[in-house]
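> Sequence and predicted structure are below.
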Amino acid sequence: MSATYSQQAPAKINLFLHVTGKRDDGYHLLESLVCFTAAGDVVSGELRNDGKITLAVTGPMADALSNDHTNDNLVVRAARLLQKEANTELGADLILDKRLPVASGIGGGSADAAAAIRLLYEMWNLDLDGDRLSAIALSLGADVPVCLHGKATLMSGIGEKLTELPDLPPLPIVLINPGKPVSTPAIFKAREEDGFSDEGLWNIHTRYESGAALAADLQECGNDLTLAATSILPDICDVLNAMAREEGCLLARMSGSGATCFAIYDTATQAEKAANAIASQHENWWIVPTEIRCEQSQILSNIGASFPD
């Protein structure tokens with residue numbers, strides 16, 4: 001019986017997201033402070049010697065991804081690109097334990113692809129340098145390189161420029177998704193008349209020891225997609241207001257292009273209490289209290305949440 005390999009695919013949070021320009025090819029230039037949480041999906045797998053790549057999707061969010069179309073899944077695409085780049089005849093039976101909402105602004109698919117790359121790199125005992133892995137990641141999507149990096153990072157360009165930052169503390173955080181999708185292309189189209197933010201507003205050398213200090217500096221930044229997203233899906237405003245009303249909330253903000261929002265709380269007890277209070281009033285929202293993932297924090301083995309049946 002072959003060994004089973006496993007990799008976490010933690011949720012990606014954009015603590016701030018600024019749109020700084022637009023290229024001639026239509027891609028928007030961004031600058032974003034990215035971190036990861038202890039909540040996420042899990043990718044596992046076993047070695048095959050025949051070169052075949054298979055994927056089964058399980059978990060509370062599996063219904064959002066059809067097992068009939070796994071060839072289009074980013075996990076499979078990542079595996080095949082890595083297989084081709086490494087020129088290996090090895091394959092894998094992969095399982096995606098889907099716990100994060102799909103297309104929700106927290107990089108679920110990108111994190112899954114990055115986890116697959118890390119897993120197969122180890123399983124296949126590969127020897128590829130970081131530049132080749134980063135190129136594979138970028139070809140899969142703008143968020144995949146930062147998810148492959150997996151640490152607090154200032155991301156810029158179209159996602160290919162990564163500046164590693166001092167580690168963030170394991171701050172209590174609550175993630176909430178209203179259970180409704182929102183189209184990223186539609187959001188960018190809705191903000192076409194808006195201007196662009198300046199670059200270089202974040203001090204990349206600052207070390208934070210508390211949520212209060214981080215939240216205070218984040219007040220000077222924002223998410224440039226929020227206004228457009230809330231005009232399309234007003235439920236996002238409801239989520240932000242619900243978070244902000246709870247005791248101990250230091251900052252409530254939308255992540256990425258939504259619809260998932262996050263709130264940083266002063267203590268883990270306050271975060272848990274806030275999550276429970278909001279869940280009691282909004283049965284159809286996906287709500288999970290967690291923490292910012294740092295090098296010192298232990299990653300939980302059973303993480304995530306699901307919409308009610």
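Right, received. Where do you want to start?
> Beyond the helix ranked longest in the chain, next helix or strand please.
For the chain, the longest helix by residue count, based on DSSP state H, is helix 108-123. Downstream of helix 108-123, the first helix or strand assigned by DSSP states H and E is helix 130-140.
> Count the neighbours of residue 126 for me.
17 (other CB atoms under 10 Å). All C-beta spots, glycine's among them, are computed from the backbone N, C-alpha and C.
> relative to helix 130-140, how tilted is the longest helix of the chain?
Interaxial angle of helix 108-123 relative to helix 130-140 (axes from the mean of the first three to the mean of the last three CA atoms, to 10 degrees): 150 degrees.
> Check which helices and strands helix 108-123 is in contact with.
Using 3 or more CB pairs under 8 Å, 6 or more residues apart in numbering; DSSP states H and E as the contact test, the elements touching helix 108-123 are strand 4-22, strand 28-48, helix 74-86, strand 91-97, helix 130-140, helix 144-149.
> Only C-alpha atoms, please: export the fourth one in PDB.
If I follow you right, that is strand 91-97. Provided in PDB are the C-alpha atoms of strand 91-97 (Å, rounded to 0.1, in the frame of the first residue of the first chain):
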ATOM      1  CA  GLY A  91       1.000  10.000 -11.600                       C
ATOM      2  CA  ALA A  92      -1.300  10.300  -8.600                       C
ATOM      3  CA  ASP A  93      -4.800   9.600  -7.200                       C
ATOM      4  CA  LEU A  94      -5.700  13.000  -5.600                       C
ATOM      5  CA  ILE A  95      -8.500  13.900  -3.200                       C
ATOM      6  CA  LEU A  96      -9.700  17.400  -2.600                       C
ATOM      7  CA  ASP A  97     -11.400  17.900   0.700                       C
END
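> Please identify the buried residues of that strand?
91, 92, 93, 94, 95, 96, 97 (16 or more other CB atoms under 10 Å).
> ditto for the fifth one
The neighbour-count criterion (16+ other CB under 10 Å) identifies 133, 134, 136, 137, 138, 140 as the buried residues of helix 130-140.
> same check, this time on the third one
Taking 16+ other CB under 10 Å as the neighbour-count basis, helix 74-86 is seen to contain the buried residues 74, 75, 76, 77, 78, 79, 81, 82, 83, 86.
> which residues of the stretch 151-300 of the chain fall in helices?
Counting by DSSP state H, counting those that start in this stretch, the stretch 151-300 of the chain has these helices, from start to end: 184-190, 211-218, 226-232, 235-245, 268-281.
> closest one to residue 101 among these?
Residue 101 sits nearest to helix 235-245 of all the helices of the stretch 151-300 of the chain, at 12.4 Å, using CB to CB.
> Low-confidence stretches in the stretch 201-309 of the chain?
295-309 (pLDDT under 70).
> again, 90 this time
293-309 (pLDDT under 90).
> Tell me which residues touch residue 272, please.
Each residue near residue 272 by CB atoms under 8 Å, 6 or more residues apart in numbering is listed here: 172, 289.
> So it versus residue 254, what's the distance?
Distance, residue 272 to residue 254, by CB to CB, to the nearest Å: 22 Å.
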